[in-house]
Structures are given as C-alpha cells and as structure tokens.
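S.K.: Can you look at this prediction? I've put the sequence above it.
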Amino acid sequence: MLKQGGYTYSNFEGLEKMGKIYLIDVTNRDGVQTARLGLSKLAKTMINIYLNEMGVYQSEFGFPTTRHESHYLQANLKLAEMGILQPIRLEGWIRATAEDVERAYSLVPSIKDLNLSISTSHQMITGKFRGSRSEQDILTMTAEAIDAAKSHGTETIGVNAEDASRTDTDFLLRFASVAKEHGADRFRYCDTLGYDNPFTIYEMGKMLAKEVGIPIEVHCHGDLGMAVANSVAGAMGIIDGGQDAYINTTINGIGERAGNADLVAVVLTLKKSKGLAEKYKFGMPIRLSKSWKTCKYASYAFNVPIPINQPGVGANVFAHASGIHADGVLKDPQNYELYDFKELGRGEPEMVETGREICSGEYSGISGFRHIMGKMEISFESRDDAERVLELVRYANVLAQKPLVADELQFIAKYPDIAKELLAITPLT
Ligand SMILES: [Zn+2]
C-alpha cells in the first residue's frame, strides 16, 4: 500500500501513476483528548468499526502508553485479526521517544502501526521544552524512537512534526530526512494551531513531497476556520509533488480547541468541488453512504449536537424554505443542491420512541434486557447466555453513562469475549 519514491508528470499526463489520497481518522486520539469530551472504550470501538465501513485507511485508535487504554487497544487488535476490523489499520499515537516505544510494546504487545510525535518549532522548543532539548536532541530522540520501533517489528511508522507550520523550513526538512533515513514510512505535517492557509500549505505539501520523497500526512486544525480547505490544499500539493497524501480527519470535526478537519466535509470536497475529483483520487473506495450513521453515532457518543449547517449531515443541508429556492429544488434538486441526501445515507425514516421506552442501564435487569434485545430480534440460547451479555451491558453502561444504542448492544451480544476485554479497567495494579 505504501509507495516509496517520487513520480514525475505534467498536467494530467500519467494520471494513473499520480499519488493517491488516503484518510487517517484521528477521532479516537485528537477527538478524545479534547477538553470536556471523551468516549467510552466501547464507543471508541464502534468508531473504529464505522470508520472501517466508510473506507478510512487508518484509525489513530488510541494511546498505547496509557494504561487504561491497553485492554481496549488489544481487544481491537484482536478484532483486526478476526477480520472484523479489516482492512483498516489501527495505529497508536505516542511521543517520539524510545521509552514510549518500549512502554507501548510492554502494554500493547500486538500493536503493528505507530505514529511518533515530537514538537519541532522554535516556539515549542524554547517555550515548551525551555532549554531542556536542543534541535539536535529532537533529531536524536526521533531517530532512537524509530530505531526502537523497527526493532519491535512495527509495520508502519509515521513521524509527526508537531507545530510543523511554525517550524523553520530548513530544520523541518532535516527532521523529515532523519525520519526517512531511519525508515519512517510517512511524515506528518501538523498545522497544530491552524496557522496555515490553503496557499501556504499547498506549497509546503508540494515541497515536502519533492524534497523528502516519502508519503506525507497533513494534520490540520480549524482555529481560523480553514481545517478542511487546508487539508485538501495540502493533499493537492503533496500529490503534485509526486507522493501519496494522507489526510487526518475527525468525525464531525471534533478535536482540540476549534477542532480538526471534518471527515465528511473532506470527502465531499474531494468528490464534489470544482474539478478536483478528476485529478485527485482516493486510493481506496470511500463509502460516503455511511456518513449519516457514523456522524449521528459520534454526536451521540460525544454528547455534541451536529450543527444544523454542517456539510452533508446538518439538519439544514437539504432543507429549503424561501420561495425561489423551494420552487427551484422542487423542479430539479440540482438547482440548489450540490449533492443528493441519499449519497450521505440520509432519507431513511428513523424510529423515535415517543411513548414508553425501556433503556439499557448499569442497573438493568433480565426482563427489560430481553425486551430490548427482542426488539432487535436477538434471542439467547439459554438464560445463562442472556445473563452474561446483560452483565457486560451493565458494565458498558457504567462507562458510557447513557443508554447503549442498538449497534453497541448487538456488538456485545455478538462478541461477548471481546466486549469483556475492552471493558476491563484495572487501576493501580
Ligand atoms: Zn491535532
């Protein structure tokens, strides 16, 4: 899947040889480290399943050096081995130090993909490290971290330059070159503070692709409202520079401060914006029709409503009131709609209970539980089986602190052993 080396072409010549676009979703890393927000381990697992269904290349599925993540990470890696989380890759995010690599492998021995992150800007080196690390130290630490990961047989290694957009270009190139020399598969250009604009990041992406000569990731934030535009422009630059481009996204744009590049908006832009789809192509099929389910679930899991004007999945995106627009869309939807709601998986009626409702909870009993599962046409071979799944559902509710949705209940009933593992948290042993 990963391609090494650059391509040369002009205009649309050799289109099939051009780099492709892949998505790396970081909801389960950047999303969950956002202030005031978080996800249960079951919700993180569901997110991985939905991302896989959408055709996302990789999920940055968590923090392998964090003890309370280890059962969840191992359980999800088992789902990958079982073929359930395939073909998506599950990559852990750690700091670029050899110690973090060792700790990751001691807590999550079967991890296969890693991203190693370190700050590279003068601002961060002086303002955060406060003289404890020089530029040379950054290079040395990163090289040691990559070497350590290689020694453990890590299949893909991404190296992240935090605050890359405010980093001196010469140093950034030195840093990326060291990463490449030690065997990194990708270089992540992080616009950590959303400082870039589409013009600057296009040029930077192109230059990095040409000069570094390995696939490049763009990781953009929305502090100036340009996360999606910057991600797409950066990817265009990378492809024009002759490499595959990996765009970091989050579901509903959830991420630190003003958020990250919204997954659905990035896909829509690449598929629908003027002339883009002819030249810049995805490396694997993206199933946009899974957007509605994925975004609704993330909204519920995070407790963050989807803004009514959110691209693709907002309540108003296919709503028309004014006379001229309503008349126009009734005559031909394409008069006022750039894409159809069915493309996003919208349009199916949704059942909302308006009367009596039996919900799952941490104090649920067998009768209510059987009623809920029966509605989904799930039955159990024995009372013992039902009791076992119910016990897992109770624990899932302890962590979620809200009723589980149908997909979550079905997951637990189908994979009780995996559910048991990912729900396990044992503090201070
Ligand atoms: Zn970020």
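M.R.: Thanks, I have it.
S.K.: where exactly do the strands run in the stretch 101-250 of the chain?
M.R.: With DSSP state E, counting those that start in this stretch as the criterion, the stretch 101-250 of the chain has strands at 113-119, 156-162, 186-191, 216-220, 245-249.
S.K.: Can you list the strands that the fourth one pairs with?
M.R.: Same thing as strand 216-220. Sheet partners assigned to strand 216-220 using DSSP bridges are listed as strand 186-191 (parallel), strand 245-249 (parallel).
S.K.: starting at the chain centroid, how far to the following helix or strand past the last one?
M.R.: Yep, that's strand 245-249 we're talking about. As assigned by DSSP states H and E, the chain's next helix or strand after strand 245-249 is helix 263-272. In terms of Cα atoms, centre = their mean, to the nearest Å, the centre of helix 263-272 is set 15 Å apart from its chain centre.
S.K.: now for helix 263-272, which elements pack on it?
M.R.: strand 21-25, helix 227-240, strand 245-249, helix 276-279, helix 291-302 (3 or more Cβ pairs under 8 Å, 6 or more residues apart in numbering; DSSP states H and E). C-beta: built from backbone N, CA, C; applies to glycine.
S.K.: Columns mean pLDDT, distance to Gln74 and mean neighbour count on top of these, output as a markdown table?
M.R.: Below are the helices and strands packed on helix 263-272 laid out as a markdown table (pLDDT from 0 to 100; distance: least, Cβ to Cβ, whole Å; neighbours: other Cβ atoms under 10 Å):
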| stretch | mean pLDDT | distance to Gln74 | mean neighbour count |
| --- | --- | --- | --- |
| strand 21-25 | 98 | 20 | 26 |
| helix 227-240 | 98 | 31 | 27 |
| strand 245-249 | 98 | 24 | 28 |
| helix 276-279 | 95 | 39 | 13 |
| helix 291-302 | 98 | 21 | 21 |
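S.K.: Include distance to Ile216 when you put those into JSON lines, please.
M.R.: Listed next are the helices and strands packed on helix 263-272 as JSON lines, based on distance: least, Cβ to Cβ, whole Å:
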{"stretch": "strand 21-25", "distance to Ile216": "11"}
{"stretch": "helix 227-240", "distance to Ile216": "5"}
{"stretch": "strand 245-249", "distance to Ile216": "6"}
{"stretch": "helix 276-279", "distance to Ile216": "17"}
{"stretch": "helix 291-302", "distance to Ile216": "26"}
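S.K.: Of all these, which one is nearest Val393?
M.R.: Closest to Val393 of the helices and strands packed on helix 263-272, according to Cβ to Cβ: helix 291-302, at 16.0 Å.
S.K.: the inter-axis angle of the closest one versus helix 263-272?
M.R.: Inter-element angle recorded for helix 291-302 and helix 263-272: 160 degrees (by axes from the mean of the first three to the mean of the last three Cα atoms, to 10 degrees).
S.K.: returning to what we had before: could I get the strands paired with strand 216-220 in JSON lines, plus columns for distance to Pro87?
M.R.: JSON lines is the format used below for the strands paired with strand 216-220 (distance: least, Cβ to Cβ, whole Å):
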{"stretch": "strand 186-191", "distance to Pro87": "17"}
{"stretch": "strand 245-249", "distance to Pro87": "15"}
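S.K.: looking at those strands, which is closest to Tyr297?
M.R.: strand 245-249 (15.5 Å).
S.K.: Which residues does that closest one contact?
M.R.: If you take Cβ atoms under 8 Å, 6 or more residues apart in numbering as the criterion, strand 245-249 is touched by 19-27, 30, 56-58, 60, 186, 188, 205, 209, 215-220, 231-232, 234-236, 238-239, 260-263, 266.
S.K.: which SSE is His71 in?
M.R.: Residue-wise, His71 maps onto helix 70-81 under DSSP H and E.
S.K.: In that helix, which residues are buried?
M.R.: Of all the residues in helix 70-81, those buried under the rule 16 or more other Cβ atoms under 10 Å are Ser70, His71, Tyr72, Leu73, Gln74, Ala75, Asn76, Leu77, Lys78, Leu79, Ala80.
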